[in-house]
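Here is a sequence together with a model predicted from it:
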Amino acid sequence: MKRFEALEVALAAVRSLRPVVASIRHRDSRLATQIRDAASSIALNLGEGNRRAGGDRLHLWRIASGSAEEVRTALRVAMAWGYVAEGQLGEAQRRIDHVQAVLWKLTR
């Protein structure tokens with residue numbers, strides 16, 4: 001089976017979020033769960049969209065983009081609450097930016 005590069009980028013973002021989510025979980029378990037669920041949604045919608053055609057595919061990829069933006073915003077909220085420092089988010093933020101760049105290309 002051919003690798004779907006967008007999915008691989010999303011999975012790398014999920015892996016980068018693991019330590020961040022663990023840190024946030026100690027202070028706010030609901031926010032950590034929301035980040036985990038949104039990050040999972042990115043990968044799951046990319047995977048499903050890859051097997052769909054036409055408007056279904058585009059719709060799922062747009063949902064993935066919305067989920068990526070949810071992760072980005074949740075990380076900013078966690079930082080605003082003081083749960084994590086900006087330095088802890090560098091790799092995760094870069095990975096989410098990469099996901100969004102890939103999704104932008106897929107949805108245009």
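Here it is on my side, so go on.

can we go C-alpha only for contacts and neighbour counts from here?
OK.

Show me what the host helix or strand of residue 20 is in contact with.
Secondary structure here is read from DSSP states H and E; on that basis residue 20 sits in helix 5-25. Outside of helix 5-25, the residues that reach it under the criterion CA atoms under 8 Å, 6 or more residues apart in numbering are 31-33, 35-36, 39-40, 42-43, 46-47, 78, 83-84, 88-89, 91-92, 95-96, 98-99, 102-103.

Just give the closest residue to residue 35, not the sequence neighbours.
By the measure of CA to CA, 6 or more residues apart in numbering, the closest residue to residue 35 outside its immediate chain neighbours is residue 71, 5.4 Å from it.

Buried residues in the helix or strand where residue 30 lies, which are they?
Applying DSSP H and E as the criterion places residue 30 in helix 29-50. Within helix 29-50, the residues that qualify as buried are 31-32, 35-36, 38-47, 49-50, counting by 16 or more other CA atoms under 10 Å.

next structured bit after the longest helix belonging to the chain?
With secondary structure taken from DSSP state H, the chain has its longest helix at helix 54-80. The helix or strand immediately downstream of helix 54-80 is helix 90-106, counting by DSSP H and E.
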